[in-house]
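Trainee: turn this into a model:
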Amino acid sequence: MKRFTYLLLALPVLFCLVALTFIFHAPQDDLSRHVKITYLTLGNPPSNNATREVLDELNKVLTEKVNAEIELIYVPWTDYMLNYNRLLSNKGSNLDLVGTASDWLEAWPNVQRGVFMPLSIPMLRKNCSYTFAKVPSEHWDACSYNGRIYLIPEDNYVQWINHGLMYRKDWAQKAGLEKGIQCWEDVLPYCKYVRENEGIEYPYKGPATKSLSIGLSNGYIFSKSRFIPLDGILSSQMFGVSGDNMEKIYSPYYEGDELLAFAKLMKEWSRAKVWPADMLSAGDLDSRDEFINGRTALEFHHTDTFYAIVGPKLKAKFPDSDCGFFWYGKESGNLVRTSITHGAMAIHANSKYPERALKVYDLLRNDPECYYLMNYGIRGKQYIIKNDGFRGYPEGYNPDRDSFATNFWWGRNDQLEVRTSENCWDKYEELVAEYDKVAIDYPYPAIIWDFSDVSAELQLVGEVWDKYMIQLCFGNVQDEEAFVNDFRAELKAVGIEKVIASLQFQLDRYRKTNSKKAKVKK
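Mentor: Numbers count the residues shown, from 1 in each chain. Below you'll find the predicted structure:
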């Protein structure tokens, strides 16, 4: 009878142990079974067959090493945030590896929504052994929520993804801007020159996207203040702290003078025909292609795009040209280094093969053969290694036919990177030297915001931003001051002050806790 009683008492404990085993350890992976691992990334699907050919070669290697193949799923750039989150939350989605980010892809909100799988240390050590051994413990801590790891950081790759404005420096110098564009106020004189002297009808042509609106508005605010946006709140990056006071949460969209000054400048740009009046319905016009082919004079994106894509292609098209880059924050020396979770890999909560997915990721990140195929393509078709050690294109390379796109921005590895000879490395080194003088580390990498008490308000704040800011960014307003006042009044009406108070409470608590920990260590 006592044994039976003990058994009854033990059953709840046994059930808990079984449940914990299921939560922290995925089902045993049967390597004898060939599986297909899906990989979700951002970007427009390739229009040629080259990516399929590269994947066929990669899948031969993956099959040999871990008996798996990989299939790519793309989220196109148009309305990417909405479609990305919709796909992640769809219970019928067949997803394994998911590219994510804490600053532009809502990694932590998605963790809180339960769409990513927790990754136990035994699971990582067994199936992602090379990566696990190289990622330091403090980086795993930065990828954890409530004590459980959810992300694998891209922490072995140095990149600069701070945004800016690309322009023709050769034209800027002809316009009297000897050092090129050095501030926002230089843009209109430059545009006036190219319209009148270089046959450029509109210095910029492209769709009025949300991502461009975010870049322009934050770019101006970074340049005219010390605003540092905080990761993982909204993709618009409208909440943050000041470099002069990192203890106070605020939103320059809700207070301060920068937004109105920006609205007035964008109205000036619109009147000066920096872009067409119908930008809000520009469709799929490719602004980068327009710039590279000499039909426009401005392009907006980040440092890597400047030195690795736009600069080299412009030079190849127009050998006498000179591509310049005006980085946002230059005027105020306001620059934050890229976070290790700007690019990160996650496993979808409904993944059928989480352990195999980790094995595949480990190879893509660390195995030279897999890494080169995933990032550079097929040797002899997409690239060659030249005598000087740089990558180049093989004879007869045709980008329309041979270019490919796996967009593996979640596990690059400097130990396996091979520089391409086409990139503007001199310009890159100049920029990095400039950046290193002023750049700071992101101040709060360990904070994961809790939106449980303000989720409704936060969603409405995001909707109000979308309603007003795309119009404001492209000068599509009659009275800038009235428009900004209406925007801020609506933000207040939907609860922005409650959101700021919640974030402030969490920041104060974090700082207090860390202060106590620091005292204990001493």
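
Trainee: distance of Ser270 from Cys191?
Mentor: Using C-beta to C-beta, to the nearest Å, one obtains 12 Å as the distance from Ser270 to Cys191. All C-beta atoms are positioned from the backbone trio N, CA, C, and that covers glycine.

Trainee: neighbour count: these two, which is higher?
Mentor: Legend: neighbour count by other C-beta atoms under 10 Å for Ser270 and Cys191, higher for Cys191 (24 against 18).

Trainee: hmm, Trp275 and that one touching each other?
Mentor: No - under the contact definition of C-beta atoms under 8 Å, Cys191 does not touch Trp275, with a separation of 9.6 Å.

Trainee: all strands for the stretch 301-450 of the chain, in order.
Mentor: Assigned by DSSP state E, counting those that start in this stretch, the strands in the stretch 301-450 of the chain fall at 323-327, 344-347, 384-385, 391-392.

Trainee: what's the answer for the stretch 51-200 of the chain, then?
Mentor: In order along the chain, the stretch 51-200 of the chain carries the following strands (DSSP E, counting those that start in this stretch): 68-75, 97-100, 144-145, 148-149, 152-153, 163-168.

Trainee: go through the ones you listed and find the least confident stretch.
Mentor: Out of those, the stretch the model trusts least by mean pLDDT is strand 144-145, with a mean of 93.

Trainee: quickly run through the sheet partners of that strand, with directions.
Mentor: In the sheet containing strand 144-145, its partner strands are strand 148-149 (antiparallel), by DSSP bridges.

Trainee: for the record, mean pLDDT for stretch 450-464?
Mentor: Along stretch 450-464, the predicted confidence averages to a pLDDT of 94.

Trainee: near Glu258, how many other residues are there?
Mentor: Glu258 is flanked by 18 other residues according to other C-beta under 10 Å.

Trainee: show me what contacts it?
Mentor: Contact partners of Glu258, counting by C-beta atoms under 8 Å, 6 or more residues apart in numbering, are 220-221, 224-225, 227, 252.

Trainee: among the residues you listed, which ones are in strands?
Mentor: The strands in this structure, assigned by DSSP state E, contain Phe227 from the contacts of Glu258.

Trainee: show me which of the contacts of Glu258 are buried.
Mentor: Among the contacts of Glu258, those buried by neighbour count (16 or more other C-beta atoms under 10 Å) are 220-221, 224-225, 227, 252.

Trainee: go ahead and confirm Pro252 touches Ser225.
Mentor: Yes - Pro252 sits in contact with Ser225 when judged by C-beta under 8 Å, with a separation of 6.5 Å.

Trainee: mind checking how far Val310 is from Ser137?
Mentor: Noted for Val310: a distance of 39 Å to Ser137, by C-beta to C-beta.

Trainee: and these two? Which one has more around it.
Mentor: Counted by other C-beta under 10 Å, Val310 and Ser137 do not tie: Val310 has more neighbours, with 19 against 7.

Trainee: what about the closest residue in space to that one that isn't next to it in sequence, neighbour count?
Mentor: Sequence neighbours aside, Met166 is the residue nearest to Val310 in space, at 5.5 Å (criterion: C-beta to C-beta, 6 or more residues apart in numbering). Counted by other C-beta under 10 Å, the residues lying close to Met166 total 25.

Trainee: so who does Met166 touch?
Mentor: Taking C-beta under 8 Å, 6+ apart as the criterion, Met166 is in contact with 291, 298-301, 305-306, 310-311, 323-325.

Trainee: same list (those) but as CSV, adding pLDDT.
Mentor: Putting the contacts of Met166 into CSV (pLDDT from 0 to 100) gives the following:
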residue, pLDDT
Phe291, 97
Leu298, 98
Glu299, 97
Phe300, 96
His301, 95
Thr305, 94
Phe306, 96
Val310, 96
Gly311, 95
Cys323, 97
Gly324, 97
Phe325, 97
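
Trainee: between those residues, which has the most around it?
Mentor: The member of the contacts of Met166 surrounded by the most neighbours (other C-beta under 10 Å) is Phe306, with 28 neighbours in all.

Trainee: and the nearest residue to that residue once chain neighbours are set aside, how close does it get to Lys248?
Mentor: Nearest residue to Phe306 in three dimensions, chain neighbours excluded: Phe325, at 4.5 Å (C-beta to C-beta, 6+ apart). Between Phe325 and Lys248 the distance is 32 Å, computed by C-beta to C-beta.

Trainee: so where is the stretch 151-300 of the chain shaky, pLDDT-wise?
Mentor: When residues are selected by pLDDT under 70, those of the stretch 151-300 of the chain lie in 282-283.

Trainee: can you give me the helices in it?
Mentor: When secondary structure is read from DSSP state H, counting those that start in this stretch, the stretch 151-300 of the chain shows helices at 169-174, 187-197, 210-224, 258-271, 287-292.

Trainee: and if you look at the stretch 301-450 of the chain?
Mentor: Taking DSSP H, counting those that start in this stretch as the criterion, the stretch 301-450 of the chain carries its helices at 303-305, 311-317, 354-366, 368-376, 399-402, 425-438.

Trainee: thinking again about what came up before, Pro354: which of the strands of the stretch 51-200 of the chain is closest?
Mentor: strand 97-100 (9.6 Å; C-beta to C-beta).

Trainee: pull the longest helix from this protein.
Mentor: Counting by DSSP state H, the longest helix found in the chain is helix 496-521.

Trainee: before we move on, back to that, so of the strands of the stretch 301-450 of the chain, which one's packed in deepest?
Mentor: strand 344-347 (a mean of 26; mean count of other C-beta atoms under 10 Å).
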